[in-house]
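# pasted the sequence and its predicted model underneath.
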Amino acid sequence: MTVTDDIKVTRARESKLKSLSIEDMHFGHSFSDHMFVAAYEDGKWQHLEIKPYQPITVSPACSAFHYGQSIFEGIKAFRDLKTKDIHIFRLNDHFKRFNTSAKRMNMPEVPEEIFKEGIRELIRMDEAWVPDIHDYSLYIRPFMFASEAFIGVRPATKYEFMVILSPTGPYYSKPMRLFAERHYVRASEGGVGFAKNAGNYGAAMYPTSLAKKNGFDQVLWMDAKEHKYVQECGTMNIFFVFGNTVVTPSLGEGTILDGVTRMSIIRLLKDMGYTVEERHLSLDEIEERYKKGELTEAFGTGTAAVILMISGLADGNNEMKFDEKKWKVGPAVKIELDSIREGSAPDKYGWLEKI
């Protein structure tokens, strides 16, 4: 008896794809026909089900609304453009990070078989939603929230784990301008910056809105103590290119998300012959080396955006602008990653898991 045998299946009467074109869908707005759900009650996971995508009903006293126990992951599945097979990218790493977030938020960990088989079975049922187009993929959103109807400051006793799917193309249409945020902070040492919990993103919205009002696309977050060391850009990890050396902020303080795309890019860059340094990197150093002509490009990485080039970085009224003609490393490593995920290059790292 396996978890797959325990999953109750209720199929949608008809697919929404009949009236939709995947090419016209936008990330986070269009969702596939089904979703996977599981409930944590009485100290165990139960009631596994795949059913038509639909609204959920919760109590107004739902604990997640009041005390913030809510986490999620972002995963992608790709269609091999040659064989048409479907592969999930680094599923095991996402599973581990999901439970790292759960532990930090004092939530029950999801068993590996439920997490992975729930996702696999859901994609098998909705495989027609996996795009067969370059630079497109199926975005997988597993999430868990405290569902107990209780108002009181303690960990909940009931939780819901769900997975929904959304076809997606390129996340951003152009490079981004960043504003270095010297006042508001995203995370501090001892906090939850490394966990993919909803509160991290909610707290970022106000300063990001301020930056956008001034013509910027995202915020470059700084450390909480001195406001001088770079951390993340928007919802992404960040890389700076100094000649043959690529520098990205270290994860040691627990304030930065251990991005799966980040770790993939680091591995690829090293194999491409670049030196990668994971260390403290101050904005002062960035500005100084920019003035010397040593800083040639910068880019963000994340599951949704993959790699997004940075066109400008402003610190107050001073802005560093990056010449697109000099961009070399970011575009090249994106080609390497895309080639593996779409099947035009061998998966020598074992990152792809076939459905």
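Ah, there it is.
# can you give me the helices for the stretch 101-250 of the chain?
For the stretch 101-250 of the chain, helices defined by DSSP state H, counting those that start in this stretch occupy the ranges 112-125, 198-213.
# rank the helices and strands of the protein by mean pLDDT and give me the bottom one.
Lowest by mean pLDDT, DSSP states H and E among the helices and strands of the chain is helix 3-6, with a mean of 86.
# hang on, the earlier thing: okay, the helices of the stretch 101-250 of the chain in TSV with mean neighbour count, mean pLDDT and distance to residue 31 next?
To be clear about C-beta, it is placed using only N, CA and C from the backbone, and glycine gets the same treatment. Compiled in TSV, these are given as follows (neighbours: other Cβ atoms under 10 Å; pLDDT from 0 to 100; distance: least, Cβ to Cβ, whole Å):
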stretch	mean neighbour count	mean pLDDT	distance to residue 31
helix 112-125	19	98	11
helix 198-213	15	96	18
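# in JSON lines, list those along with distance to residue 192.
JSON lines is the format used below for the helices of the stretch 101-250 of the chain (distance: least, Cβ to Cβ, whole Å):
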{"stretch": "helix 112-125", "distance to residue 192": "21"}
{"stretch": "helix 198-213", "distance to residue 192": "7"}
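# which one, of those, ends up nearest to residue 277?
Closest approach to residue 277 among these (Cβ to Cβ): helix 198-213, 25.2 Å.
# please name the residues that touch the residue nearest to residue 239 when sequence neighbours are not counted.
Leaving aside its chain neighbours, residue 239 sits nearest to residue 248 (4.8 Å; criterion: Cβ to Cβ, 6 or more residues apart in numbering). Residues counted as contacts of residue 248 (Cβ atoms under 8 Å, 6 or more residues apart in numbering) are 237, 238, 239, 240, 262, 266, 276, 277, 278, 281.
# go through those residues and name the one nearest residue 78.
Within those, distances to residue 78 taken as Cβ to Cβ reach their minimum at residue 262, with 18.3 Å.
# would you list the phi and psi of the closest one?
With angles defined as degrees, to the nearest 10, residue 262 sits at phi -60, psi -50.
# any figure for the gap between it and residue 119?
Residue 262 sits 21 Å away from residue 119, going by Cβ to Cβ, to the nearest Å.
# need the nearest residue in space to residue 315, chain neighbours excluded.
Residue 315 sits nearest to residue 180 (Cβ to Cβ, 6+ apart), 4.4 Å away.
# thought that neighbour was touching residue 317?
No: Residue 180 is beyond contact range of residue 317, at 11.4 Å (criterion: Cβ atoms under 8 Å).
# so those two - more neighbours on which side?
Per other Cβ atoms under 10 Å, whichever of residue 180 and residue 317 has more neighbours is residue 180, with 24 against 5.
# what sits against the more buried one?
219, 220, 222, 230, 283, 313, 314, 315, 316.
# just give me the least confident of those.
Lowest pLDDT within those is found at residue 316 (93).
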